[in-house]
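In: could you work out the structure for the sequence below:
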Amino acid sequence: MSVILHISDLHLGKADAWERNTDDKTGFVPQDENSRLAVIKTSLGAVKEHLQAQRLELDTLLVSGDITTEHDSEGFDRFQALLDGISIATPDQIVAVPGNHDVDWGSDPGTSGKYELFLKHTRAAGMRTPFCDGVDFPGATDAKPVVELDDCVIAAVNSANWCGVTVPASSGGNHVYDVARVSEAQLEFLTDALRDHEAAGKVRLAVLHHHLLPVTEDEEAKPFESFTNLARLRAWISHHGFHAVLHGHKHRSVLTWDHIYAFDDHVTPPTRVLVISAPTPTSWGAPVCRIIRIGDATGRKIVAHAPRLEIDMVNAERHERRIEPGVTTVDLHDPTPRPPALVSIDAETADAAYERLVSELGRRPGRLLNVTCLVRQPESAEQIPTNFAGELANPQVWFEDAVAWWQKPAPSLVASGDAPFNHGERLYSTGTARGQLDTAAEMLGSTKAVVFLTSNSELRSGRPAPAFVAVQLVKATDAEGDRLDCVGYFRKQDLTLWWPVNIAELRAIQKHVLDLGTEGAVRAGHLVTIATEAIHDYVMPELSGTTVDRFVDLRPEILMEMAYGAAHGRAEQRDHINVLWTTVFSDIGKLKDGTVKDFPSLGIAMLLEHLRVFRDVGDRRNVDVLIKRLEAVYDRAHRANHTSKTASERKKFAQELFDLIGGVLDAVERSMSEQGVDETVASAGGGAAPAGPASAGTGADWSPESPDDVRPT
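Out: Residues are numbered from 1 along each chain as shown. Okay, here's the model as predicted:
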């Protein structure tokens, strides 16, 4: 989380007509009541209260120049008094860069006298400043121009070294010019300083006083209207990957874009940099400053390759009124505007692609048409997105289970009719039957390497049919050699909850084809999803069946561990076994969205099979009651699955099953208690319980304490 306050061009000089806001022709109105200082002081106090109300802590205060007016020491003194009075930031949280009014125009560029007053009231007071020519190089420096926060890196740049430079006139005498320029030496020193702050995924901000671009349509006919080495500075900004540049000087509140092209490259897209021009605080109701929020402060964690800011524009308000900032969300990633009928995303990672998809949904409510999303790093699809919209206790485990179930080649729940379909049964080989995917892999290199997951007859039958309709395997060649791209086609797709599962399925398909080795040295390439209609229903991807049934396909070792623990487990395992039984049975008889979703079947049958085996090994009669009660559950669930037709009938069966499960859990506890007595006898007589299954007691990537590992909600 990073919270930044940006203010500029305070111009806190002498309390004269420069800063008065009262049209007073009589002279009796106290000027300090409506002065520029009063506007700034009241506004910053209101910002402090606003941040406290929002439970946000300010990380950095950026002051982008012109603290005073015409190098007036009184302005610097008033600035320090202002900060001391409000206590909005400590000195080490403040980054101040000099403006043309903050430097001594009577001193030559690159001399200590140029910055004496500025540094006395900023750096000497503990604030961070940029490098100052003639002070910080050559030689040792105590400047700290780079600030690294949780979600961003800020670089302070000095553009005021040549302000007030004296140039001989051709006609005799001298001209004094206000010149914006950044020295090559400063750029080199900043480059070295930035090398210690190259953490991937962080937003990069540069702050300086002078403007990069015009921020109004007003004509300016004067010498040195912009940087003399503007092209060099913009190239440096582009090279270091800055996402935004914050400046003052023009006294205008503007957000705009700078597109920085390489002069010798007409093919590569330009670097797009957000330009944030700060207002000058003048009067009540006018813009005064901005709050910039990054990462958690926006309600979403920062994601590499998908940077975003939320910018709150603050207008000056009287003391009795609360500020109500206008919020602007800015996505910093995509340099190319798209037409409304097309959403095309090209991202390095699945995490970044998801952020950008969610952003598109936020900008375009309702359904989207023709949504194409490309992920360049295929392995990134194996992780659930950082800001996944589903509320889950253990998101990664749920995510892996969802992908595994939908890619299962021969799921028991589909074979039994308890689930209408999954994707894996239509892709992979089972037994002697050769799967479509293996056949398509042999066609790799042609346009015929396509697998269809549905058919015309299925789509027209009225029965449930996959929204994931086809996969195409594409062999592509680039500078690194041959790669395998996987393209998934969807007749519709939920972007907020289903897209991460679908892109992870494409990754599983890609890995399977590569493992076949039909094309030799081909590496994993891009993953692409193409959705004709994209929606955001916030419907969690289903893992069909109850937890105990899904574990037949996903985690059969857990069912074996449960049965073994009830029959033969030792005393120190009892709490763990009790938790397993309670958690795995937690959704039987429960309503979901007011309805009964599923009744158990296969999982109960597998548990009974294991229990009977473990009972007969060592004659463990302690599980007889448990077996009898589980048989009652199986019988009642079988009747519910085959005879209940109405919602009320299903709810009645659900209540009966809920009561029966209570008896099962009591029987588990009783079985393990009786087992404890048997253990004592066995120990006295030299007997021992048989060794448990190899998987017992593991559950390495599944934690029964996390209910979402069992069933999404």
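In: in this protein, what spans have low per-residue confidence?
Out: 15-27, 29-34, 334-341, 365-366, 431-432, 518-520, 537-544, 591-597, 675-713 (pLDDT under 70).
In: now for the residue found closest to Gly126 once you drop the neighbours it is linked to in the chain: which residues touch it?
Out: Excluding its sequence neighbours, the residue lying closest to Gly126 (CB to CB, 6 or more residues apart in numbering) is Pro91, at 3.2 Å. (C-beta placed from N, C-alpha, C; glycine too.) Pro91 is in contact with Leu83, Ala125, Gly126, Met127, counting by CB atoms under 8 Å, 6 or more residues apart in numbering.
In: select from those the one having the most neighbours.
Out: Met127 (21 neighbours; other CB atoms under 10 Å).
In: surely that one touches Thr90?
Out: No: when contacts are counted by CB atoms under 8 Å, Met127 is not listed as touching Thr90 (9.4 Å).
In: hmm, back to that, dump the contacts of Pro91 to JSON lines, plus secondary structure and distance to His423.
Out: Output for these, formatted as JSON lines (DSSP: H, G, I helix; E, B strand; the rest coil; distance: CB to CB, whole Å):
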{"residue": "Leu83", "secondary structure": "helix", "distance to His423": "61"}
{"residue": "Ala125", "secondary structure": "helix", "distance to His423": "63"}
{"residue": "Gly126", "secondary structure": "coil", "distance to His423": "60"}
{"residue": "Met127", "secondary structure": "coil", "distance to His423": "58"}
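In: out of those residues, give me the two with the largest separation.
Out: Spanning the widest gap among the contacts of Pro91 are Leu83 and Gly126, at 10.8 Å by CB to CB.
In: tell me which residues in the top helix by length along the chain are buried?
Out: With secondary structure taken from DSSP state H, the chain has its longest helix at helix 647-685. Residues 650-651, 653-654, 656-657, 660-661, 663-664, 667-668, 671-672, 674-675, 678-679 are the ones in helix 647-685 that count as buried (16 or more other CB atoms under 10 Å).
In: again, but for stretch 274-293
Out: By 16+ other CB under 10 Å, the buried positions in stretch 274-293 come out as 274-282, 284, 287-293.
In: care to break the protein down by domain?
Out: 2-20+30-331, 343-535, 547-709 (automatic domain parsing).
In: strands of the stretch 451-600 of the chain, start to end?
Out: Here the stretch 451-600 of the chain has its strands, by DSSP state E, counting those that start in this stretch, at 468-478, 481-490, 493-494, 523-535, 591-592, 595-596.
In: partners of the first one in the sheet?
Out: Paired strands of strand 468-478, with direction, are strand 450-452 (antiparallel), strand 481-490 (antiparallel) (DSSP bridges).
In: wait, which of the ones you listed is closest to Tyr177?
Out: Distance to Tyr177, taken as CB to CB, is lowest for strand 481-490 among those, at 55.8 Å.
In: residues in contact with the closest one?
Out: Strand 481-490 has contacts (CB under 8 Å, 6+ apart) with 378, 444, 467-477, 502-503, 505-507, 509-510, 513-514, 519, 521-532.
In: what residues of that strand count as buried?
Out: Of the residues in strand 481-490, Asp482, Arg483, Leu484, Asp485, Cys486, Val487, Gly488, Tyr489, Phe490 count as buried by neighbour count, 16+ other CB under 10 Å.
In: hang on, the earlier thing: comparing the strands of the stretch 451-600 of the chain, which comes out most buried?
Out: A comparison of these by mean neighbour count, using mean count of other CB atoms under 10 Å, puts strand 493-494 on top with a mean of 22.
In: so what touches the helix or strand Glu310 falls within?
Out: Using DSSP states H and E, Glu310 maps to strand 308-315. Contact partners of strand 308-315, identified using CB under 8 Å, 6+ apart, comprise 43, 46-47, 50, 203, 243-244, 253, 255, 274, 276, 285-294, 297-298, 300, 323, 325-333, 355, 359.
In: name the helices or strands packed onto the next helix or strand after that strand?
Out: The helix or strand immediately downstream of strand 308-315 is strand 326-331, counting by DSSP H and E. Where contact means 3 or more CB pairs under 8 Å, 6 or more residues apart in numbering; DSSP states H and E, strand 326-331 is packed against strand 308-315, helix 350-363.
In: chain center to the first one: distance?
Out: Right, the one you point to is strand 308-315. Relative to its chain's centre, strand 308-315 lies at 19 Å (CA atoms, centre = their mean, to the nearest Å).
In: count the neighbours of Arg491 for me.
Out: If you count neighbours by other CB under 10 Å, Arg491 ends up with 15.
In: touching, it and Leu453? I think so.
Out: No: counting by CB under 8 Å, Arg491 does not reach Leu453; the two are 10.4 Å apart.
In: next, show the common contact partners of these two.
Out: Val469.
In: returning to what we had before: tabulate the helices and strands packed on strand 326-331 (JSON lines), appending mean neighbour count and distance to Glu74.
Out: Shown next, in JSON lines, are the helices and strands packed on strand 326-331 (neighbours: other CB atoms under 10 Å; distance: least, CB to CB, whole Å):
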{"stretch": "strand 308-315", "mean neighbour count": "21", "distance to Glu74": "26"}
{"stretch": "helix 350-363", "mean neighbour count": "22", "distance to Glu74": "47"}
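In: nearest to Asp265, out of the ones you listed?
Out: Closest to Asp265 of those is helix 350-363 (CB to CB; 23.9 Å).
In: identify all contacting residues around the closest one.
Out: Residues contacting helix 350-363 (CB under 8 Å, 6+ apart): 300, 303-306, 308, 329, 331, 333-334, 343, 345, 347, 368, 371, 373-375, 377, 380-381, 383, 385-389, 495-496, 499-500, 503-504, 527, 534, 536.
In: try stretch 212-229
Out: For stretch 212-229, the external contacting residues (CB under 8 Å, 6+ apart) are 159, 162, 175, 177-182, 210-211, 230, 233-234, 245, 247, 250, 252, 254, 256, 258, 275, 277.
In: what subset of the residues you listed is buried?
Out: Using 16+ other CB under 10 Å, the buried ones in the contacts of stretch 212-229 are 159, 162, 177-182, 210-211, 230, 233-234, 245, 247, 250, 252, 254, 258, 275, 277.
In: those in helices, which ones?
Out: Filtering those for helices - DSSP H - leaves Leu230, Leu233, Arg234.
In: wait, which of those residues is closest to Glu425?
Out: Arg234 (55.7 Å).
In: surely the closest one and Asp258 touch.
Out: Yes: between Arg234 and Asp258 there is a contact at 7.0 Å, judged by CB under 8 Å.
In: find the residue closest to Ser344 in space, skipping its chain neighbours.
Out: According to CB to CB, 6+ apart, the nearest residue to Ser344 is Thr372 (4.9 Å).
In: so the one you found: helix, strand or coil?
Out: The three-state assignment at Thr372 reads strand, by DSSP: H, G, I helix; E, B strand; the rest coil.
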